[in-house]
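Generate a structure from the sequence data that follows.
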Amino acid sequence: MKALILAGAEKEGPLAQYGPNKALIKIHGKEMIRYIIDAFKGLDFIDSIAVVGPKESLEPIKGQVDVIVDSAASLADNVLCGVNIFSDDEMVLIATSDIPMITPEAVRDFVEKSLSMDADFYYPIVSREENEKKYPGIKRTYVKIKDGTFTGGNIVMVRAGKVKECIKNAEAFMTYRKKPWMLARILGLKFILKFLMGTLTIDELQERVEELFGVKARAIISSYPEIATDVDKDSDLELAARALT
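As a prediction, this is how the structure comes out:
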């Protein structure tokens, strides 16, 4: 299996004061992206690690990964640039570079649960209860559906060829991944109403994603909050520093 880490530069945002590329913010003297690289290296089923980002700024991790692909203009384009180096039938783990608490155990659990199902796209979700039990007081975006209240993960597993087929159609979905109301608008009026009433189910969401994007998707319930805990602001950075001591 291949792994792809997205490390595009961010010129704006709460953490811009630390430098132009969030992936290179240091936690205990170690670049944030290195924690994700090390987690992937701890898994025997990952045989190649690629990073997408501005090559010049990623010089500190040169030699730590198999290939660095120069970044493009948007998140969707960066994903496409990354998966283009893989063959269509390969399964690829795609992760953001801002989940430094991720562990090999969390990734292995997600992959094993995913491979027990038949799909082309797998996405982890973590319950609010699990998240707040491990990280009390942490602020995350949650969605309440009939199956429970969940936050989304920052890693997916997908067949490379399917990404190439549907990435442009899914660009808006990716852009609004942390804005439930905007996602509901993309999914349709029926889903807005069900979302408001709290009667939407995981199965219905999976079926709608397949209708919209032509990809068979499965949501994977993970009991590892670190797979969904990204570093977006100073309080997240402080949490990561405490968790990684």
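
Now tell me which helix or strand of this structure has the poorest mean pLDDT.
helix 171-175 (a mean of 60; mean pLDDT, DSSP states H and E).

Dig out what residue 31 forms beta bridges with.
residue 26 (DSSP bridges).

mind listing what it touches?
Neighbouring residues of residue 31 by Cβ atoms under 8 Å, 6 or more residues apart in numbering: 23-25, 60-61. For every residue, glycine as well, the C-beta is placed using N, CA and C.

where does the residue nearest the centre of the chain land on pLDDT?
Nearest to the geometric centre of the chain sits residue 154, at 2.2 Å (Cα atoms, centre = their mean). Confidence at residue 154, expressed as pLDDT, is 93.

Does it touch residue 97 like I think?
No - using Cβ atoms under 8 Å as the test, residue 154 is too far from residue 97 to be in contact (9.3 Å).

now that we have the contacts of residue 31, which one has the most neighbours?
In terms of neighbour count, residue 23 stands highest of those at 27 neighbours, by other Cβ atoms under 10 Å.

wouldn't it be in contact with residue 53 here?
Yes - using Cβ under 8 Å, residue 23 makes contact with residue 53 at a distance of 6.5 Å.

Which neighbours do the two have in common?
7, 97.

Do a quick rundown of the strands in the protein.
Ranges of strands within the chain are 2-6, 26-27, 30-31, 48-53, 67-70, 91-96, 121-127, 143-145, 148-152, 155-159, 217-222, based on DSSP state E.

And the fourth one, how far out from the chain middle?
Yep, that's strand 48-53 we're talking about. 14 Å (Cα atoms, centre = their mean, to the nearest Å).

what about dumping the CA coordinates of it to PDB?
In PDB, the C-alpha atoms belonging to strand 48-53 read as follows (Å, rounded to 0.1, in the frame of the first residue of the first chain):
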ATOM      1  CA  SER A  48       6.100   3.900  -0.300                       C
ATOM      2  CA  ILE A  49       5.600   7.400   1.200                       C
ATOM      3  CA  ALA A  50       5.100  10.400  -1.000                       C
ATOM      4  CA  VAL A  51       4.500  14.100   0.100                       C
ATOM      5  CA  VAL A  52       2.800  16.800  -2.000                       C
ATOM      6  CA  GLY A  53       4.000  20.300  -1.200                       C
END
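
before we move on, the earlier item: for the strands of the chain, which one sits closest to residue 234?
Closest approach to residue 234 among the strands of the chain (Cβ to Cβ): strand 26-27, 12.5 Å.

Quick check: which ranges of this protein have low pLDDT?
For the chain, residues meeting the criterion pLDDT under 70 lie at 9-11, 168-186.

Quick check: closest non-adjacent residue to residue 69.
residue 52 (4.7 Å; Cβ to Cβ, 6 or more residues apart in numbering).

residues near that neighbour, how many?
So residue 52, with other Cβ under 10 Å, has 28 neighbours.

again, but for the one 3 residues further on
Residues contacting residue 55 under the criterion other Cβ under 10 Å number 13.

quick one: it and residue 70 touch, right?
Yes - counting by Cβ under 8 Å, a contact exists between residue 55 and residue 70, whose distance comes to 4.9 Å.

residues shared between the contacts of the two?
With Cβ under 8 Å, 6+ apart, residue 55 and residue 70 have no common neighbours.

quick one: contacts for residue 225?
126, 130-131, 133-135.

taking these one by one, which sit in helices?
Taking DSSP state H, the ones among the contacts of residue 225 that sit in helices are 130-131, 133-134.

Sort out which one of these lies nearest residue 41 for me.
residue 134 (23.6 Å).

how close does the residue nearest to the centre of the chain sit to residue 37?
Computed as Cβ to Cβ, to the nearest Å, the residue 154 to residue 37 distance reads 15 Å.
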